[in-house]
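**Student:** Mind looking at a prediction? Sequence and model below.
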Amino acid sequence: MLMFELTKLITNMLLPPFNILILLVLSFLFLAFKFKKLAALCALSGLTILYVFSIPYTAQLLNDSLTTEDNLTVEDYRSAQAIVVLGAGLRDSKELYNKITVPGIALERMRYAAYLHKETELPILISGAGPNGNSEAKIMGQEFFTFFGVQPKWLEERSTNTKQNALYTREMLEREGIKRIILVTNQWHMQRAKLLFEAQGFEVLPASVGSGVTPESYELNAMHFIPQAGAMAANMQLLKEWLGFIKEKL
């Protein structure tokens, strides 16, 4: 738990808005000690970062840079041995069916996995545990059955990050002789997830959830360069994924 929280803290310090606040504090300190040029440089750097990572155009570029088109058919997926779905957290719920439920990101993964299951008749493994002791896999398994009429075969309930998803999934599936899997996660997460699962010896058929690479026919307009709160949230998620991907590649 301590390592999990420390990793989150370091990651947040490297990303906006935390790094912008650090630059602004440094700017005030430099100004107080009469280092006017350094103060101006820190302030300008902070404002530049704030602008660049609060516009939709940056989110589009980051998303496209993380996205690789799957280019696979249902027939390709039928050659696999199992479907692996990665968890994406849990949230409190006021809905009548449960006090804890999956957020939208996980629900999109489940929808695609349910479709692939019905098309291929392959068994499903769900991977994920929450840092607070709740089992993402268990809750997702319940909702797979409730909302999609699908009963997952395996629940991997120990992993709290993508590297552990791959490790513990391998420990479960190698007993079944399963090496060729369909991996279901979001398109911005797929490159890192695929890398980690392949490192565990899996042959991965990616099943990415998302809109794909932005078509060249989509023209830019002024709104792509207007700062927006939603764009900043998207940029932070994509930047975190890039940091994770770089860390695993090193």
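**Tutor:** Nice, thanks for sending it over.
**Student:** Figure out the helix or strand that the residue sitting furthest away from the middle of the chain lives in.
**Tutor:** Distance from the C-alpha centroid of the chain, by CA atoms, centre = their mean, peaks at residue 34 (43.7 Å). If you go by DSSP states H and E, residue 34 is not part of any helix or strand.
**Student:** again with residue 84
**Tutor:** Element membership for residue 84, per DSSP H and E: strand 82-86.
**Student:** For the chain, which helix extends over the most residues?
**Tutor:** helix 229-249 (DSSP state H).
**Student:** From the chain's centre, how far out is the helix or strand following the strand holding residue 84? Work that out for me.
**Tutor:** Next in sequence after strand 82-86, counting helices and strands by DSSP H and E, comes strand 91-92. For strand 91-92, the separation from the chain centroid amounts to 18 Å (computed by CA atoms, centre = their mean, to the nearest Å).
**Student:** Contacts for strand 91-92, please.
**Tutor:** 99, 100, 101, 102, 103 (CB atoms under 8 Å, 6 or more residues apart in numbering). C-betas here are computed from N, CA, C, even on glycine.
**Student:** What strands flank it, and is each parallel or antiparallel?
**Tutor:** Paired with strand 91-92 in the same sheet, following DSSP bridges, are strand 100-101 (antiparallel).
**Student:** how far does the partner strand sit from the chain's center?
**Tutor:** Taking CA atoms, centre = their mean, one finds strand 100-101 lying 19 Å from the centre of the chain it belongs to.
**Student:** Report the rounded mean pLDDT for it.
**Tutor:** In this model, strand 100-101 carries a mean pLDDT of 95.
**Student:** Numbering from 29 from now on, please.
**Tutor:** Sure, I'll start numbering at 29, so the last one becomes strand 128-129.
**Student:** For it, give me every contacting residue.
**Tutor:** Everything outside strand 128-129 that qualifies as a contact, by CB under 8 Å, 6+ apart, is 118, 119, 120, 121, 123, 162, 167, 171.
**Student:** cool, stretch 138-149 as well?
**Tutor:** Under CB under 8 Å, 6+ apart, the answer for stretch 138-149 is 102, 105-106, 108, 111, 113, 130, 150-152, 168, 171-172, 175-176, 178, 210, 212, 235, 237.
**Student:** can you do 6 Å?
**Tutor:** Outside stretch 138-149, the residues that touch it by CB atoms under 6 Å, 6 or more residues apart in numbering are 102, 105, 106, 111, 113, 152, 172, 176, 178, 210, 212, 237.
**Student:** Check stretch 264-278 too.
**Tutor:** Counting by CB under 6 Å, 6+ apart, 43, 90, 91, 216, 219, 220, 223 sit against stretch 264-278.
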